[in-house]
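Asker: One predicted model, sequence on top.
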Amino acid sequence: MPRYLLLIYGDEAGIANATPEQLKQQYDAYDAYTKDIKERGAWVAGEGLDRTSTATTVRVKNGETLTTDGPFAETKEQLGGFYEIEVGNLDDAIKAAAMVPGAMYGSIEVRPVMEYPEE
């Protein structure tokens, strides 16, 4: 069965300015979504990511490892987490993505996981 990543993008400022009640509502919504996707047998993996200010970008140029604080590009939305799911097809993955709580205030990128031939 095909696997898909649901990449969750949103504005980190919204979380930083949220009240404790708003944060609890959001966490509860994600807990409910995670429980549902597990019960449907689609769950493979998933994690939230720390703030982009904690990220380090690594590049290798001419054999030298270069590091930069933060994400690669400046964007209005930041990658905040992901789910890896296993569903029948892209349409099923899109339906699952539409149910991710972050879809209401950000965007969910649906990307197939590459399958490599066994040698």
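Answerer: Nice, thanks for sending it over.
Asker: Enumerate every residue touching the closest residue to residue 105 other than its chain neighbours.
Answerer: Taking Cβ to Cβ, 6 or more residues apart in numbering as the measure, residue 105 lies nearest to residue 10, with 5.8 Å between them; neighbours along the chain are not counted. Glycine gets a C-beta too; all of them are placed from N, C-alpha and C. Under the criterion of Cβ atoms under 8 Å, 6 or more residues apart in numbering, the neighbours of residue 10 are 77-78, 80, 102, 105-107.
Asker: Would you list the phi and psi of residue 102?
Answerer: Main-chain torsions, residue 102, degrees, to the nearest 10: phi -60, psi -20.
Asker: ok, and what's touching stretch 40-56?
Answerer: 3, 12, 30, 34, 37, 67-71, 78-87, 92, 96.
Asker: For it, buried residues please.
Answerer: 42-43, 46, 52 (16 or more other Cβ atoms under 10 Å).
Asker: Between the two ends of that stretch, how far is it?
Answerer: 35 Å (Cα to Cα, to the nearest Å).
Asker: on that earlier part again, redo the contacts of residue 10 as a markdown table? Include secondary structure, distance to residue 116 and pLDDT.
Answerer: Formatted as a markdown table, the contacts of residue 10 follow (DSSP: H, G, I helix; E, B strand; the rest coil; distance: Cβ to Cβ, whole Å; pLDDT from 0 to 100):
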| residue | secondary structure | distance to residue 116 | pLDDT |
| --- | --- | --- | --- |
| 77 | coil | 30 | 84 |
| 78 | strand | 29 | 89 |
| 80 | strand | 28 | 93 |
| 102 | helix | 29 | 94 |
| 105 | coil | 35 | 88 |
| 106 | coil | 31 | 91 |
| 107 | strand | 28 | 94 |
